[in-house]
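Participant: Okay, here's the prediction I keep looking at, along with the sequence it came from:
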Amino acid sequence: MILMSGPCVIESLDQLRKIAEGLRPVAENENIDFYFKASFDKANRTSLEAYRGLGIDEGLKMLSTIKKEFGYKIITDIHEREQAKALSEVVDIIQIPAFLCRQTDLIVEVAKTKCIVNIKKGQFMNPVDMKYGVLKALKTRDPKITEANFEDSKKHGIWLTERGNSFGYGALVVDMRSLIIMRDFAPTIFDATHSVQAPGALGGKSGGDSKFAPILARGAAAVGVDGFFMETHYDPEHALSDGPNMIPTKDMESLILTLIRIQNQIPHAFRSRL
């Protein structure tokens, strides 16, 4: 199982170390391909006054420290194509944020690096249309490719992540069919915590209800996915970004072991790509 987990945004090096230590039991599980996640900048915050992060220079220094001290592979977001080179020198996965999943130049620039490219499905996107984002990355890495193919995407390190769909006002809904649809094009990750987000629900910042994240994650495990994205914090109530959605770090190991048990119960024919 692929697992990407860590805080929404970097608050301090002490914060990263505390969460990284709390995630050690899952990171060291031989059944898990673990990536520590944290953002140096949250460029799409609801309000101008909202905390965004420490910036790329300070953020990458801290992520490098975590990589060195804990031996973790790292994933972080990109917002501008000029950031790709600097990120590729530190991280193992560069993530295209959902709102930027159609930005051709951004995807191409990331695909030029050695990193895995994780493209988050926009809340406004038909899952079928995510194949075009995959093709942008695949054709950058291998111009001979003409169709988005799961095996080619796996070989070239192109992944997709589902994070829910906009529905009405201030709510997201997950259509589990999208997990199956997108796995025709690329290895597919389920983002359990952003899928329970309520955009703008707290008057200038996003809300959410983290109690539903484990429920949706269990559903995705039963459907069949290649991994999970879950943001976590030792004190979600006081986190500086996305606290209402995050899973307490102390609860992560139990949840992940449950997901592994569910996946192991799926008939082999339904999980042949896991």
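Facilitator: That came in fine, so what should we check first?
Participant: going forward, measure contacts between C-alpha atoms and count neighbours the same way
Facilitator: Noted.
Participant: Tell me who's in contact with Leu23.
Facilitator: By CA atoms under 8 Å, 6 or more residues apart in numbering, the contact list for Leu23 reads 249, 252-253.
Participant: Reduced to three states, what does Pro143 come out as?
Facilitator: Classification of Pro143 using DSSP: H, G, I helix; E, B strand; the rest coil returns coil.
Participant: Any figure for the gap between it and Lys136?
Facilitator: Relative to Lys136, Pro143 is positioned 10 Å away (CA to CA, to the nearest Å).
Participant: higher neighbour count, these two?
Facilitator: For Pro143 versus Lys136, the count of surrounding residues by other CA atoms under 10 Å is larger for Lys136: 20 against 11.
Participant: for the more buried one, helix, strand, or coil?
Facilitator: Per three-state DSSP, Lys136 ends up helix.
Participant: was I right about it contacting Thr104?
Facilitator: Yes - using CA atoms under 8 Å, Lys136 makes contact with Thr104 at a distance of 7.0 Å.
Participant: quick check, distance from stretch 56-66 to the centre of its chain.
Facilitator: Offset of stretch 56-66 from its chain centre (CA atoms, centre = their mean, to the nearest Å): 18 Å.
Participant: which outside residues touch it?
Facilitator: Residues from elsewhere that reach stretch 56-66 (CA under 8 Å, 6+ apart): 10, 13, 16-17, 20, 38-41, 53, 72, 74, 87, 90-91.
Participant: Report the buried members of those residues.
Facilitator: Taking 16 or more other CA atoms under 10 Å as the criterion, what is buried in the contacts of stretch 56-66 is 10, 16-17, 20, 38-41, 53, 72, 74, 87, 90-91.
Participant: Return the distance of the closest residue to Gly6 other than its chain neighbours relative to Val108.
Facilitator: Among residues not flanking Gly6 along the chain, Lys37 sits closest, at 4.5 Å (CA to CA, 6 or more residues apart in numbering). From Lys37 over to Val108 the distance is 22 Å, taken as CA to CA.
Participant: neighbour-wise, which of those two wins?
Facilitator: A side-by-side neighbour count of Lys37 and Val108, using other CA under 10 Å, places Lys37 first with 29 against 20.
Participant: average pLDDT for the host helix or strand of Ser178?
Facilitator: Assigned by DSSP states H and E, Ser178 belongs to helix 177-182. Here helix 177-182 scores 96 as its mean pLDDT.
Participant: other SSEs contacting that helix?
Facilitator: Packing partners of helix 177-182 (3 or more CA pairs under 8 Å, 6 or more residues apart in numbering; DSSP states H and E): strand 158-162, strand 188-191, helix 213-223.
Participant: Out of these, which is closest to Val117?
Facilitator: strand 158-162 (4.9 Å; CA to CA).
Participant: element containing Glu109?
Facilitator: Following DSSP H and E, one finds Glu109 within helix 104-111.
Participant: worst-scoring helix or strand of this protein, pLDDT-wise?
Facilitator: Across the helices and strands of the chain, mean confidence by mean pLDDT, DSSP states H and E is lowest for strand 207-208: a mean of 60.
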